[in-house]
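Peer 1: let me see the structure of the following:
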Amino acid sequence: MTRRSKAIPIFDFTGGLNTKSSVTSLELNQSRDIQNINILPNGGFEKRQGNVAFNASAMASSAAVHGLGYYRQSDGDDFLMAIAGTGVFKSDSLDGTMDTITGAVTVTTGQDNIWTHSVLNNLSIFVGGAPDAPIKWNGSGNADVLGGSPPSGAFGLTANNRLFIGDTTANPSRIAWSILGNPEDWTGTGSGTQDVQANDGDVLVGAAVHSIDHMLLFKQNSIHDLAIRTAPFPLFPLFREVGAISKRGILNVDGIVYFITPEPRMKATDGSQIIDFPDTIDNVWDSLNPARLKYLHGLYYRRLHQIWWFVSTTSATSHDLVIIWDLKRKCWLRHTTGYKMNVSCIAQDRTAYCGAYDGKLYRQDVTNVYSDASETNTEIDSILRSGWMGLNDETLLKVAIHAMVNFQLQTSGQFELSYGYNFNTDTTIESISQATTASTYDTAVYDNAFFGGNSDAVRLIHMSGSGNFFQYAFRHNTAGEAWAINGLTLAMQEGGPNSP
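Peer 2: All right, here's what the predicted structure looks like:
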């Protein structure tokens, strides 16, 4: 049978990660393996940027950071607040020095003794270290116990100029709130409590402000609406048989509340319906350590329009993976290194800070940084691997003649394009310089040159081999180097099983 030649352009990678479907049934825009990359606006992809240490000296003798928050006062002064070990710490104007302000407050150490952070009435407030009492700091001196005898709950949040605290040891299904404008008055007019379906065998896990006058309260198996316009606040059941697993696994992103269920899966609600998401990484969710699901946490990173879920794989005893939902492209990604963080927060300038298990804070996604200060091995190993492509007819033999790789020129370094046939992975590996000055067409020998402009280049790669299925992969793992791929075009011949 005569072989047919065709060009296969692949410039759209917005299908993201698909680890559940058969390796032979992935769409061309989906990938079998994605690690440490972000999708570009043009549909291509780039290596994620790295992190840098915020504080040079570890807090609390390198104990895990188990509380973190950004605190800005009405006069513009701002601080990064942290709890590590048995201490409370602050950084003035985000200067990178974490000063001890523990004073006489009690903090129980332990990476899983997680505190949540809020700001109200010019106070920085930590809640959640139950049985430890909530902690306040006013911008000077040492921290102190929050006044007014507030409940020592598992989580706290602010809404409509009140502080709310939920899930105490004595009343695990109760939410309490302070009076208007004063988080240190829990008995005056306007304060109160509401039991959320008490004695149902479930506990109040967490909450999120949904809109100006509504707060969603999550148990593991139900979701409720607390109308918070005028106290006492009425409660309305919304959904049964669905809820959240973690107090930090609940995020409001522009009016949509995303949460991780006990299964675990990501779901969302706009208050009227439950929203599901692609099941293409269900096996990744299923591989998480079930004992640590209650400690997972999420962060909305607006600069990249991503939701980051910090999770623990298999038998890991700390977070070692970030599962990412790309809100723009509606696809899954993942970062396998650099995000082994226990707590996280966003500053007003939208910088992402994370608290690690070594007493240090780290700034994530730092411009022009392509290594991770948080890692022993600092290079970022970035990978994108296709599925096994049968190209609509698995009976036909495929012969890849060449690939035209379109990438962004960098100041140094090289990356790899590997490929293989019939489930033999990476049988051929080609190293491609990403720093060679590109020639323009008609000025260089076609088979030996790069072609491109001032920022992008195209490289012709001659290929060999044959098989019924074909797979390619891109990889870059050199510290300190940027890397971005716009796409590639495969020149493929197809013929019968016994074709020459």
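Peer 1: partner residues bridging the nearest residue to residue 378 once chain neighbours are set aside?
Peer 2: Counting by Cβ to Cβ, 6 or more residues apart in numbering, residue 378 lies nearest to residue 371, which is 4.2 Å off, once chain neighbours are set aside. Where you see a C-beta, it was placed from the backbone N, CA and C, and this is true even at glycine. For residue 371, the beta-bridge partners are residue 379 (DSSP bridges).
Peer 1: next, count neighbours for residue 286.
Peer 2: Residue 286: 12 surrounding residues under other Cβ atoms under 10 Å.
Peer 1: now it: how far from residue 264?
Peer 2: 8 Å (Cβ to Cβ, to the nearest Å).
Peer 1: swap in residue 419?
Peer 2: Distance from residue 419 to residue 264, by Cβ to Cβ: 35 Å.
Peer 1: same check, this time on residue 282
Peer 2: Taken as Cβ to Cβ, the span from residue 282 to residue 264 is 10 Å.
Peer 1: low-scoring pLDDT stretches of this protein, where are they?
Peer 2: 1-3, 436-454, 496-500 (pLDDT under 70).
Peer 1: need the contact list for the most centrally placed residue in it.
Peer 2: Taking Cα atoms, centre = their mean, the centroid of the chain lies closest to residue 308, which sits 1.6 Å from it. Neighbouring residues of residue 308 by Cβ atoms under 8 Å, 6 or more residues apart in numbering: 298-301, 322-324, 335, 339, 344.
Peer 1: do that again at 10 Å, thanks
Peer 2: Residue 308 sits next to 251, 297-301, 322-325, 333-335, 339, 341, 344, 352, 354, 364-365 when contact means Cβ atoms under 10 Å, 6 or more residues apart in numbering.
Peer 1: now residue 100
Peer 2: By Cβ under 10 Å, 6+ apart, residue 100 lies in contact with 59-60, 84, 87-90, 142-143.
Peer 1: and these, which of them are buried?
Peer 2: For the contacts of residue 100, a neighbour count by 16 or more other Cβ atoms under 10 Å gives the buried set as 59-60, 84, 87-90, 143.
Peer 1: what's the closest of those to residue 245?
Peer 2: residue 84 (24.9 Å; Cβ to Cβ).
Peer 1: phi, psi of the closest one?
Peer 2: phi -140, psi 140 (degrees, to the nearest 10).
Peer 1: that one and residue 90 touch, don't they?
Peer 2: No: using Cβ atoms under 10 Å, residue 84 makes no contact with residue 90, being 11.7 Å away.
Peer 1: next, show the common contact partners of these two.
Peer 2: By Cβ under 10 Å, 6+ apart, the residues touching both residue 84 and residue 90 are 98, 100.
Peer 1: returning to what we had before: need the contacts of residue 100 in a markdown table with secondary structure and distance to residue 235, can you?
Peer 2: A markdown table is the format used below for the contacts of residue 100 (DSSP: H, G, I helix; E, B strand; the rest coil; distance: Cβ to Cβ, whole Å):
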| residue | secondary structure | distance to residue 235 |
| --- | --- | --- |
| 59 | coil | 40 |
| 60 | helix | 39 |
| 84 | strand | 36 |
| 87 | strand | 37 |
| 88 | strand | 34 |
| 89 | strand | 37 |
| 90 | strand | 36 |
| 142 | coil | 38 |
| 143 | coil | 33 |
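Peer 1: distance to residue 78 added to those residues, as JSON lines?
Peer 2: Output for the contacts of residue 100, formatted as JSON lines (distance: Cβ to Cβ, whole Å):
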{"residue": "59", "distance to residue 78": "19"}
{"residue": "60", "distance to residue 78": "22"}
{"residue": "84", "distance to residue 78": "20"}
{"residue": "87", "distance to residue 78": "20"}
{"residue": "88", "distance to residue 78": "17"}
{"residue": "89", "distance to residue 78": "15"}
{"residue": "90", "distance to residue 78": "10"}
{"residue": "142", "distance to residue 78": "19"}
{"residue": "143", "distance to residue 78": "17"}
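Peer 1: specify the beta-bridge partners of residue 352.
Peer 2: Bridge pairing for residue 352 - DSSP bridges - gives residue 346.
Peer 1: how far does stretch 156-166 sit from its chain's centre?
Peer 2: 25 Å (Cα atoms, centre = their mean, to the nearest Å).
Peer 1: how long is that stretch end to end?
Peer 2: 6 Å (Cα to Cα, to the nearest Å).
Peer 1: only the buried residues of that stretch, if you could.
Peer 2: With burial defined by 16+ other Cβ under 10 Å, the residues of stretch 156-166 counted as buried are 156-160, 162-166.
Peer 1: buried residues, the helix or strand hosting residue 384. List them.
Peer 2: Using DSSP states H and E, residue 384 falls within strand 382-385. Residues of strand 382-385 classed as buried: 382-385 (neighbour count, 16+ other Cβ under 10 Å).
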